[in-house]
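> kindly generate the corresponding structure for this input.
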Amino acid sequence: MQSSLRKKLSTYKYVLIMLPGLIVWFVLSIWPHLEVFPQAFYKWNGYSPNKVFVGWQNFETFYRSSAFKDGLLNTVLYVLFLFVIQTVLSVFLAVVLKRNTRQNRFFRTFFFLPLVFSSVMVGLTWGYMFDPNLGMLNQIFSALGIKSLESFNWLGEPVRAIFCIVMVHIWANIGYPLTILTAALQTIPEDLYEVSEIEGATSMQQFRKVTLPLLMPALLRITLLTVVTGALAVDYILILGSSVGSANEFDTWAVKIYQGLLGSNLGLPSAIGVFLGAILFIVFLIQYVVTKKVEDSIH
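Alright, predicted model coming up:
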């Protein structure tokens, strides 16, 4: 009986230790997010004591505007480019740099290094590189004799601009999924590779039958973070968009939320946030079910 009481007191002790941090986290992070939902039904400038209840008007205004369709297309393209390219590239680099050699440790550090730079610094640097007149990329192509790219406007067309911005995003953040996947690869027993090699499996067959299935739980969690990060991307789009005068042609929903916060009606960006949050919640549920099935099949 004393042992049971001691266990209960020990549990409460850990709860009490975590409680202050949980309260701060709820007040500063969760509560502001929850406030978005009622705010979406009001017209409010952010400082006036008077809030005007408008019902579904903010949702209807956003749905009927060009920002809904164009922003949705740009968001889907951004997430799709980021998801496919970063996932494939991070898996490839993790497999190549799996062995803990001095050379591989150098390259892991090399790919992780851009994470320490601020997004503003990265965006401004790449904005100069993409400049059609004085940019480094065009000067390199000019030096190589490729005249067609000598004055090429990398951010001049929406789909191409989104692709270029995604590549900057990947360059700056590839170190995170690479680190997670490299750590996950270290947990795969070498015995499995030795047995498969004795069975006559090629390197590609080992990757398909051994590496990829055992890497799938970590990979699915990273892909969820990739989708959420892509859907909420604002900084690189704003910074690189400003380098060509305006980012309106390739604004995503997240950028529309940021721009709406600078306007006179905070209900409109709140409505956009509810739209975006609902879609991401559905993606989360799908990813959770898929991850659960994959983990159950492995165990």
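
> out of everything not next to it in sequence, what's closest to residue 186?
Take residue 186 and drop its neighbours on the chain: the residue closest to it by CB to CB, 6 or more residues apart in numbering is residue 98, 7.5 Å away. Just so you know, the C-beta spots here come from the backbone N, C-alpha and C atoms, and that holds for glycine as well.

> number of nearby residues for the one you found?
The number of residues packed near residue 98 is 16, by other CB atoms under 10 Å.

> could you pull up phi and psi at it?
The phi and psi values for residue 98, taken as degrees, to the nearest 10, are phi -70, psi -40.

> for residue 42, same thing?
Main-chain dihedrals, residue 42, degrees, to the nearest 10: phi -130, psi 160.

> quick one: contacts for it?
51-54, 267 (CB atoms under 8 Å, 6 or more residues apart in numbering).

> what of residue 51?
42-44.

> check what pLDDT it gets.
Residue 51 carries a pLDDT value of 85.

> next one: residue 150
Residue 150 is assigned 76 on the pLDDT scale.

> how many neighbours does the closest residue to it other than its chain neighbours have?
Leaving aside its chain neighbours, residue 150 sits nearest to residue 142 (4.4 Å; criterion: CB to CB, 6+ apart). A count of nearby residues for residue 142, using other CB under 10 Å, gives 14.

> how much space separates residue 141 from residue 129?
12 Å (CB to CB, to the nearest Å).

> oh, I was asking about residue 54
Residue 54 sits 45 Å away from residue 129, taking CB to CB as the criterion.

> thinking again about what came up before, okay if I get the contacts of residue 51 as a markdown table plus distance to residue 87 and pLDDT?
As requested, those are exported to a markdown table (distance: CB to CB, whole Å; pLDDT from 0 to 100):
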| residue | distance to residue 87 | pLDDT |
| --- | --- | --- |
| 42 | 40 | 90 |
| 43 | 41 | 90 |
| 44 | 40 | 87 |
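
> just for the chain, where's the confidence low?
The chain contains residues with pLDDT under 70 at 1-11, 242-248, 298-299.

> shouldn't residue 231 be in contact with residue 237?
No. At 11.9 Å, residue 231 and residue 237 do not qualify as touching, with contact defined as CB atoms under 8 Å.

> show me where the stretch 151-299 of the chain has helices.
Secondary structure of the stretch 151-299 of the chain (DSSP state H, counting those that start in this stretch): helices at 158-173, 175-186, 190-198, 203-206, 212-231, 235-242, 253-261, 267-298.

> quick one, which of the ones you listed gets closest to residue 58.
Across the helices of the stretch 151-299 of the chain, residue 58 has its closest neighbour in helix 267-298 (3.9 Å, CB to CB).

> list the buried ones in that closest one?
For helix 267-298, burial by neighbour count (16 or more other CB atoms under 10 Å) applies to 267-276, 279, 283, 287, 291.

> taking helix 212-231 as reference, get the angle to it.
Here the directions of helix 267-298 and helix 212-231 differ by 180 degrees (axes from the mean of the first three to the mean of the last three CA atoms, to 10 degrees).

> helix 267-298: how far from the chain's middle?
Computed by CA atoms, centre = their mean, to the nearest Å, the chain-centroid distance of helix 267-298 equals 13 Å.

> ok, now which ones touch residue 91?
Per CB under 8 Å, 6+ apart, neighbours of residue 91: 181, 215, 219.

> okay, these in JSON lines with distance to residue 90 and neighbour count next?
Converted to JSON lines, the contacts of residue 91 look like this (distance: CB to CB, whole Å; neighbours: other CB atoms under 10 Å):
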{"residue": "181", "distance to residue 90": "6", "neighbour count": "23"}
{"residue": "215", "distance to residue 90": "11", "neighbour count": "20"}
{"residue": "219", "distance to residue 90": "9", "neighbour count": "21"}
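
> residue 227 against residue 83, yeah?
Yes. Look at residue 227 against residue 83 with CB under 8 Å: they come within range, at 6.0 Å.

> of the two, which one has the most company?
Using other CB under 10 Å as the criterion, residue 227 and residue 83 rank with residue 227 on top: 19 against 16.

> from residue 197, how far out is residue 204?
Residue 204 is 13 Å from residue 197, where distance means CB to CB.

> report how many residues lie close to residue 80.
Neighbour count of residue 80, defined by other CB under 10 Å: 14.

> quickly find the element holding it.
helix 66-96 (DSSP states H and E).

> what residues of that helix count as buried?
Residues of helix 66-96 classed as buried by neighbour count (16+ other CB under 10 Å): 67-68, 70-71, 74-79, 81-83, 85-87, 90-91, 93-95.
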